[in-house]
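Colleague: model this:
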Amino acid sequence: MSTLQISIFPAVSRARRLAVSALALLTLSACALQKPMNVSNEAQLTPATPSTIDLMKLPPPQRRIVAAVYGFRDETGQYRPSPSSAFSTAVTQGAASMLTKALKDSGWYIPVEREGLQSLLTERRVLRAVDDHPQNGGQPPASVPNLLPASIILEGGIVAYDTNTRTGGLGAKFLGIGLTTQYSVDQVTINLRAVDVMTGEVLNSVSTTKTIWSYEIHPSYFRFVNYYDLLEIEGGYTSNEPAQLAVKEAIDAAVMHLTVEGIKNNLWRLKNPSDWNNPLLQRYLNTEKKEYTVTVTPRQPAKPETVVTTDDGKASAH
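Modeller: Okay, the predicted model is just below:
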C-alpha cells in the first residue's frame, strides 16, 4: 500500500504543475489579447517637428509671398512590404496639405487654394448667381472680389523612399537571462522648387532627406525549476517612427532651406536687414555650405616648351 502511494504522488504533483502552467499561459494570453481600454482618448494636435519650430522662429519678411501649390505627389511608387499590405503606399498621399501648412506656419508665404480650385470656382459661381437675383429687400448685390494671383508656384514631390538602408542588432545571454535588440533604418527624400509665374524660371530647388528609425527589444529568461520542469519567459517591445511625421519634417526643412536660399539670393527680403545675422539663418547657411562644399584640385600650369633647331634645319620641341 505504501509503495503504491509513493508511485502515485509524484505523478499527481506533476499533473498539478502542468495544470498550473497551462492556466498561467491562458492568463497571459488573455492579457495580451484583451481590448485596449484607452480607445476613447481625445485627439491631439500633430506634434511639431524641429523644422516646424524653426519655421515659426523666422524673422518677419518685408512682404509676404503669394504661393500656389497645385500638388505635391508621391513619385516613389513604393508600396508597403508584404505581408503588411500589398495595396497600401509606403508614404502619405497628403503631402500637399503638409506643404501648405508649412508655408502658413513660416509667416513668409500666403498660400492660395489651387488643389481644390474647381470647388472654389463652383462656389464663386453660386455667389454670383445669388448676386444676380437679390432677395434681401432690394439692396444692391455685393460684388465677388477677384481671386488672389500667385507670384510663385511650389512644385516637387516625394522622390524616393528606401527601406532597410541600414539594419543591425545585438544580443547576449548569461545564466538563462538574455536580451536582444534589432534595428532598421528607412529613408525618405523630397524635392521642392519655386517657379516664377511671370517667366517660368525655376528660382530655387532643394532636396531634403529624413531617416526613419525602427527598433525592437526582446528580453528572455529561462531556467529549470526542478529536474523535470523548465520555466521560460519572453517579452518584446517594438517602436516604429511614423512615416508621415518623417515626411512632414522633410517638407518643413525644405521650406526652411528654400526661404533662406531666397533671402541669400535677394529673391525676397527681410523686414529688418539686420536680421540677416540671426543665429537661425546663419545656422542654415552654414549647414548648406557644409553639405555642398566641393573641393576642386587646381590644374598644374603647363611647362614651357623649348624649341631646339638641329643642323639640318629641323625644329624639335622638348
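
Colleague: mind listing the strands for the stretch 201-318 of the chain?
Modeller: For the stretch 201-318 of the chain, the strands defined by DSSP state E, counting those that start in this stretch occupy 202-224, 230-234, 237-240, 307-309, 315-317.

Colleague: right, and the ones you listed - which one's nearest residue 153?
Modeller: Of all the strands of the stretch 201-318 of the chain, the one in closest proximity to residue 153, counting by CB to CB, is strand 202-224 (10.1 Å). (Glycine included, C-beta is placed from N, CA and C.)

Colleague: tell me the most buried of the strands of the stretch 201-318 of the chain?
Modeller: Comparing those by mean neighbour count (mean count of other CB atoms under 10 Å), strand 202-224 ranks first with a mean of 16.

Colleague: could the strands of the stretch 201-318 of the chain go into TSV alongside distance to residue 41 and mean pLDDT?
Modeller: Listed next are these as TSV, based on distance: least, CB to CB, whole Å; pLDDT from 0 to 100:
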stretch	distance to residue 41	mean pLDDT
strand 202-224	24	86
strand 230-234	29	78
strand 237-240	19	84
strand 307-309	89	51
strand 315-317	86	50
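
Colleague: turn the ones you listed into CSV, columns for distance to residue 108.
Modeller: Shown next, in CSV, are those (distance: least, CB to CB, whole Å):
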stretch, distance to residue 108
strand 202-224, 13
strand 230-234, 53
strand 237-240, 33
strand 307-309, 64
strand 315-317, 62
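
Colleague: out of the ones you listed, which is closest to residue 248?
Modeller: Nearest to residue 248, of the strands of the stretch 201-318 of the chain and by CB to CB, is strand 202-224 at 9.0 Å.

Colleague: what helices and strands are in contact with the closest one?
Modeller: strand 152-174, strand 177-196, strand 230-234, strand 237-240, helix 243-264 (3 or more CB pairs under 8 Å, 6 or more residues apart in numbering; DSSP states H and E).

Colleague: the same query, at a cut-off of 7 Å, please.
Modeller: strand 177-196, strand 230-234, strand 237-240, helix 243-264 (3 or more CB pairs under 7 Å, 6 or more residues apart in numbering; DSSP states H and E).

Colleague: related to what we said a few turns ago, the strands of the stretch 201-318 of the chain: which one's closest to residue 246?
Modeller: Using CB to CB, the strands of the stretch 201-318 of the chain put strand 202-224 closest to residue 246, at 4.6 Å.

Colleague: so what strands line up beside that closest one?
Modeller: If you go by DSSP bridges, strand 202-224 pairs up with strand 177-196 (antiparallel), strand 230-234 (antiparallel), strand 237-240 (antiparallel).
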